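Visitor: I would like to see how this sequence folds:
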Amino acid sequence: MVKETVEKNYTISSLQRAIRVLKTFTNDEPTLSLTELSKKTGITISSLQRIVSTFVAEGFLHKNEQTKRYQLGHSLLYLGNLVKKESSLILVAESVLKRLNEETKENLSLNVIDGFERRCILNFDSPYPLSTKMLVGDRAPLYAGASSKTLLAFMPNYADYVYNVQLEKITDSTNTSKEQLLEQLRQIRTNHYCISFSERVRGACSISVPILNAAQHSIASISLVIPEIRYHDYDEEQLIQKMQQAAKEIENQLF
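Guide: Okay, here's the model as predicted:
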């Protein structure tokens, strides 16, 4: 794959391992021990000790001396705030998505491709007690869920990704047929939207539309997530139109 070629020719393996350590922390597991980090990254304890010690010294990790567990440090918060301030995508999208969130009163997120995963970079929660939460930083494979497949469909090498990825069941509704996935991606490219039902989270329905650059490649996707029990209260076509208008508004400000 393209990724493998890039890794072979241009990447620094020790730096990749270090970055992998940082990416291991999630919203579900904000603190990890050295043993847990080793199991999740495949890095030996001796190598990990050097990596985490360096990160602690630079403020990228914090070590709780009592529990001997690690969590992300304040240096990352500072860098994250810099990214948010300077990111034209987030700056432009924030007001547009906030308005759409207030209109629909459902969870709305902005997602981008991170490596070969989908990552949430901006989210507005639903005010309803029953809702499906999306947290900034959440990741998912590109083959499952409307937000992911919308990004994948407009990748220049989407077919290469499909041919090389292993499709794994996340829920009973996750598609594991590469032929069906390719057909779904072709439909997304034609329609400029995707709808999914319980592909990653049972009972969650999602509508997603792409934000494209001048070359018609995906730079982000907007996703509306609605609990299945409430989904048919809405006019689906109207929601799609609102989201496509929001995407176009963002594109017009960016390009």
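Visitor: Going by C-alpha atoms from here, please, whenever you check contacts or count neighbours.
Guide: Will do.
Visitor: Neighbours of Y78, how many?
Guide: Neighbour count for Y78, taken as other CA atoms under 10 Å: 12.
Visitor: Tell me the secondary structure of it, please.
Guide: helix (DSSP: H, G, I helix; E, B strand; the rest coil).
Visitor: Distance of it relative to L72?
Guide: Distance of Y78 to L72, computed by CA to CA, to the nearest Å: 12 Å.
Visitor: just K169 next, same as before
Guide: 30 Å.
Visitor: if you count what's nearby, which of these two comes out ahead?
Guide: L72 (21 against 13).
Visitor: Now for the more buried one: which residues touch it?
Guide: L72 makes contact with 22, 25, 30-31, 60-62, according to CA atoms under 8 Å, 6 or more residues apart in numbering.
Visitor: Quick check on the residues you listed: which are buried?
Guide: Using 16 or more other CA atoms under 10 Å as the burial test, the contacts of L72 include 22, 25, 31, 60-62 as buried.
Visitor: Leaving out sequence neighbours, find the closest residue to the residue most central in space within the chain.
Guide: With distances taken as CA atoms, centre = their mean, R119 lies nearest the centre of the chain, 1.5 Å away. Nearest residue to R119 in three dimensions, chain neighbours excluded: R139, at 4.5 Å (CA to CA, 6 or more residues apart in numbering).
Visitor: Tell me, how many residues neighbour the one you found?
Guide: R139: 20 surrounding residues under other CA under 10 Å.
Visitor: cool, S47 as well?
Guide: S47: 13 neighbours (other CA under 10 Å).
Visitor: That one and L181, how far apart?
Guide: Distance of S47 to L181, computed by CA to CA: 39 Å.
Visitor: on that earlier part again, closest one to S13 out of the buried ones among the contacts of L72, please.
Guide: S13 lies nearest to L22 out of the buried ones among the contacts of L72, by CA to CA, at 14.7 Å.
Visitor: Look up how far T190 lies from the residue nearest to that closest one when sequence neighbours are not counted.
Guide: Nearest-residue entry for L22: L72, 7.4 Å, with adjacent residues in sequence omitted and distances by CA to CA, 6+ apart. Using CA to CA, L72 is found at 41 Å from T190.
Visitor: With E94 instead?
Guide: E94 is 27 Å from T190, where distance means CA to CA.
Visitor: Domains of this structure: list them as residue ranges, please.
Guide: 2-77, 87-254 (automatic domain parsing).
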